[in-house]
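K.L.:
the sequence isn't on hand, but the structure is:
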């Protein structure tokens, strides 16, 4: 039995969940999410918890068991608390600002980069070098953060670029002097 898959998911009082036609629907104070259930997996909503079970021990079904449980748990956490990723921008003249639904990034290129903020994501700039990404869908928050980071990855010599708040970038030494 999957160690992750067999754990029940606690359902907060503010969150409502239901399963209909092979789709799990979760609704909470922050919004609504839905996820299709993988074949061979059964999702049951009880009064205070959600239980995910599998039909058999085939390899594909066993692999999907823990995954489906975590996807449903991420939905429950997302609609109740939400997800948040903080990114920092390091470099002289590097900055970010939000204009409407566009994140304007100055990252040392000739032109500024205009990143269109996806639906369901809220981006704010606490300071010009600190970008906060919030949303209820964990996958979408992570994907948005990864796309913003990929616009200028941190380089190993001076550490300039866009990085996650707690990310550590190993520095390389520059050229060695001649003897």
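P.N.:
In hand now; what should we look at? Remember, predicted model here, so these are calculated numbers, not experimental data.
K.L.:
residues in contact with the residue nearest the centre of the chain?
P.N.:
Taking C-alpha atoms, centre = their mean, the centroid of the chain lies closest to residue 142, which sits 2.8 Å from it. By C-beta atoms under 8 Å, 6 or more residues apart in numbering, the contact list for residue 142 reads 83, 85. Placement of C-beta: from N, CA and C, glycine included.
K.L.:
residue 37 too?
P.N.:
With C-beta under 8 Å, 6+ apart, residue 37 has these contacts: 19, 22, 23, 24, 43, 68.
K.L.:
which residues touch the closest residue to residue 152 other than its chain neighbours?
P.N.:
Among residues not flanking residue 152 along the chain, residue 107 sits closest, at 4.1 Å (C-beta to C-beta, 6 or more residues apart in numbering). When contacts are counted by C-beta under 8 Å, 6+ apart, residue 107 touches 89, 91, 94, 113, 151, 152, 161, 162.
K.L.:
if I look at residue 107, how far off is residue 134?
P.N.:
Using C-beta to C-beta, to the nearest Å, residue 107 is found at 22 Å from residue 134.
K.L.:
can you show me the helices along the chain?
P.N.:
Secondary structure of the chain by DSSP state H: the helices cover 59-80, 138-150.
K.L.:
of all these, which one is nearest residue 14?
P.N.:
Comparing the helices of the chain against residue 14 with C-beta to C-beta, the closest turns out to be helix 59-80 (6.1 Å).
K.L.:
distance between that closest one and the chain's centre?
P.N.:
Remark: helix 59-80 is offset 14 Å from the chain centroid, using C-alpha atoms, centre = their mean, to the nearest Å.
K.L.:
which strands and helices sit next to that helix?
P.N.:
The contact analysis (3 or more C-beta pairs under 8 Å, 6 or more residues apart in numbering; DSSP states H and E) places helix 59-80 against strand 9-10, strand 23-28, strand 31-36, strand 41-45, strand 49-54, helix 138-150.
K.L.:
in JSON lines: the helices of the chain, plus distance to residue 172.
P.N.:
Below are the helices of the chain laid out as JSON lines (distance: least, C-beta to C-beta, whole Å):
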{"stretch": "helix 59-80", "distance to residue 172": "36"}
{"stretch": "helix 138-150", "distance to residue 172": "19"}
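K.L.:
low-confidence stretches in this protein?
P.N.:
Along the chain, the parts satisfying pLDDT under 70 run over 1-2, 177-179.
K.L.:
how is it partitioned into domains?
P.N.:
For the chain, the structural domains run 9-80, 83-164, going by automatic domain parsing.
K.L.:
span of the shortest one from start to end?
P.N.:
Between the opening and closing residues of domain 9-80 there is a gap of 13 Å (C-alpha to C-alpha, to the nearest Å).
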